[in-house]
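Undergrad: Dropping the sequence and predicted coords here.
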Amino acid sequence: MLWLSICALALAANIDGFAVGLSYGIKKTRIPVPSNLFIAGITSLGTALSLTAGGALGDLIPEGVSHILGGGLLVIFGLITLWQAIRGRIQKKPDRSIFDDPAQADRDRSGVIEPRESFLLGLALALNNLGFGVGASMLGLPVLLTTVVTFAISYLCVALGGLLGRRVLSGRLGVCAEIVSGALMAVIGVVGCLL
């Protein structure tokens, strides 16, 4: 059950990386291995920091209460992600920053995400994981193992998205990725509260 929870959380927290990779693939913009490793490193570092913060909070609260709080946080973040995906589909924002739209990281329009550009992309994706990490840690997920799995899944999501982007339209899949991420996070939170 522990492995399943860690993998599901890492997938939910990083599925937006798949949508970003898909978007880049369609635009024929490459994310080379070093840049993708850098993105995964920043994302997993953000996850590790939030897991550590959640663990510190969890130590101050009785175990039963911390499980309910952690699960509740994941449900809230999942529902927020779902709401943002649905709202974004209804009303399109004309001016979006890299934090709203990580696909803007290719600043020089070279068709390749350089390491300096991947830093901003990794930071934008890592900010997405902060709340998830706090909730997951309060559910008792181990910091090191969750961080390592997050690194691997982050890398795979971006790489697989880029690979499939050459063959699939990304518009609807990007929204679907956010909806799946939010729903999965909410389900993990509910299960965490019940255990």
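TA: Looks like it came in fine.

Undergrad: From Leu37, how far off is Lys28?
TA: Computed as C-beta to C-beta, to the nearest Å, the Lys28 to Leu37 distance reads 21 Å. Backbone N, C-alpha and C define where each C-beta goes, glycine included.

Undergrad: tell me what the host helix or strand of Ala10 is packed against?
TA: Following DSSP states H and E, one finds Ala10 within helix 2-26. Applying 3 or more C-beta pairs under 8 Å, 6 or more residues apart in numbering; DSSP states H and E, we find helix 2-26 packed against helix 33-59, helix 115-138, helix 143-164, helix 171-194.

Undergrad: Let me know the average pLDDT across it.
TA: For helix 2-26, the mean pLDDT works out to 80.

Undergrad: Quick check: buried residues in that helix?
TA: Of all the residues in helix 2-26, those buried under the rule 16 or more other C-beta atoms under 10 Å are 5-6, 9-26.

Undergrad: about what we covered before: so which of Lys28 and Leu37 has more stuff around it?
TA: Using other C-beta atoms under 10 Å as the criterion, Lys28 and Leu37 rank with Leu37 on top: 17 against 10.

Undergrad: got a list of what that one touches?
TA: Applying C-beta atoms under 8 Å, 6 or more residues apart in numbering to Leu37 gives the contacts Tyr155.

Undergrad: Show the pLDDT at it.
TA: Looking at Leu37, the pLDDT reads 94.

Undergrad: again with the one 4 residues further on
TA: As summarised for this prediction, Gly41 has a pLDDT of 94.

Undergrad: and it, how many neighbours does it have?
TA: Gly41 has 17 nearby residues by other C-beta under 10 Å.

Undergrad: Ok, Val158 next?
TA: Around Val158 there are 32 residues (other C-beta under 10 Å).

Undergrad: Would you agree it is in contact with Val33?
TA: No: using C-beta atoms under 8 Å, Val158 makes no contact with Val33, being 10.6 Å away.

Undergrad: What mean pLDDT does stretch 53-63 get?
TA: pLDDT averaged over stretch 53-63 gives 75.

Undergrad: what does stretch 127-145 give?
TA: Stretch 127-145 shows a mean pLDDT of 78.

Undergrad: got the buried residues for that stretch?
TA: Within stretch 127-145, the residues that count as buried by 16+ other C-beta under 10 Å are 128-141, 143.

Undergrad: which two in these are spaced the farthest apart?
TA: Greatest spatial distance among the buried residues of stretch 127-145 (C-beta to C-beta): Asn128 and Gly140, at 22.0 Å.

Undergrad: before we move on, back to that, quick check: which of the helices and strands packed on helix 2-26 is nearest to Ile86?
TA: Using C-beta to C-beta, the helices and strands packed on helix 2-26 put helix 171-194 closest to Ile86, at 7.6 Å.

Undergrad: quick one: Ile68 from Ile61, how far?
TA: For Ile68, the distance to Ile61 - C-beta to C-beta - is 10 Å.
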